[in-house]
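> Pasting the sequence and the predicted coordinates here, then a few questions.
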Amino acid sequence: MQFRNNQHPGHEGAPAGFTLTEILIVVAIIIALAALVIPISRSAIAKSRQGACLGNLRQIGIGLESYLQDHNDTMPVLEAGRKSKDGEAAVLEVLLAQYIETPDTFHCPADREKYAESGSSYLWNSTQNGQHKLSLKFFNVSDNPGLIPLVTDKEAWHPGKSGVNILYADYSAAKEFKMKTSP
């Protein structure tokens with residue numbers, strides 16, 4: 001049995017396969033869908049990293065509160081951070097090591113290099129060094145611990161205006177910097 005014009009038996013007049021136009025349309029649709037899905041998935045990944053970082057800051061707050069209970073509610077005297085793990089500076093990740101379950105708590109998932117270099121993705125607000133936890137003050141704010149930052153990301157790794165997460169003196173963690181404005 002012979003077939004003419006690339007026709008299959010029982011399919012008289014139908015071509016065997018896809019045309020170049022049909023293949024190009026399918027490829028264009030796939031590219032368009034990928035162009036929509038990739039940014040959405042990147043955004044979702046960035047937000048999940050930000051959420052994990054906020055969780056880390058809350059754990060650091062719990063560790064800091066445990067430290068304060070052992071030290072008459074007096075904030076530690078620390079450097080803001082260090083550039084290298086080999087540094088001898090008194091820093092948050094060394095001081096709180098005994099109060100935190102794992103060193104990974106000091107690693108923001110969005111941080112690709114600072115943690116590996118220094119042992120922490122976070123900076124201590126050294127303006128609070130040696131202060132009693134009930135006497136903290138930051139830019140003339142002393143009446144609201146929810147406005148006094150204690151620990152922040154070292155860099156703006158996250159989506160949002162500031163790009164940093166912050167642990168405040170009331171142990172809340174936020175993705176935006178809170179400021180008190182006068183009327």
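Looks like it arrived, so ask away.

> Name the nearest residue to the most centrally placed residue in the chain, ignoring sequence neighbours.
With distances taken as Cα atoms, centre = their mean, the residue of the chain nearest its centroid is Gln50 (3.1 Å). Counting by Cβ to Cβ, 6 or more residues apart in numbering, Gln50 lies nearest to His158, which is 4.3 Å off, once chain neighbours are set aside. Just so you know, the C-beta spots here come from the backbone N, C-alpha and C atoms, and that holds for glycine as well.

> where's that neighbour relative to Ile38, distance?
19 Å (Cβ to Cβ, to the nearest Å).

> so where's this protein uncertain?
The model of the chain has pLDDT under 70 over residues 1-16, 41-42, 180-183.

> Please enumerate the strands of it.
Ranges of strands in the chain, per DSSP state E, are 122-124, 149-153, 166-168, 173-174.

> Out of those strands, which is the most enclosed?
Sort these by mean neighbour count, taking mean count of other Cβ atoms under 10 Å, and strand 122-124 sits at the top with a mean of 27.

> Nearest to Ala46, out of the strands of the chain?
Closest approach to Ala46 among these (Cβ to Cβ): strand 149-153, 13.2 Å.
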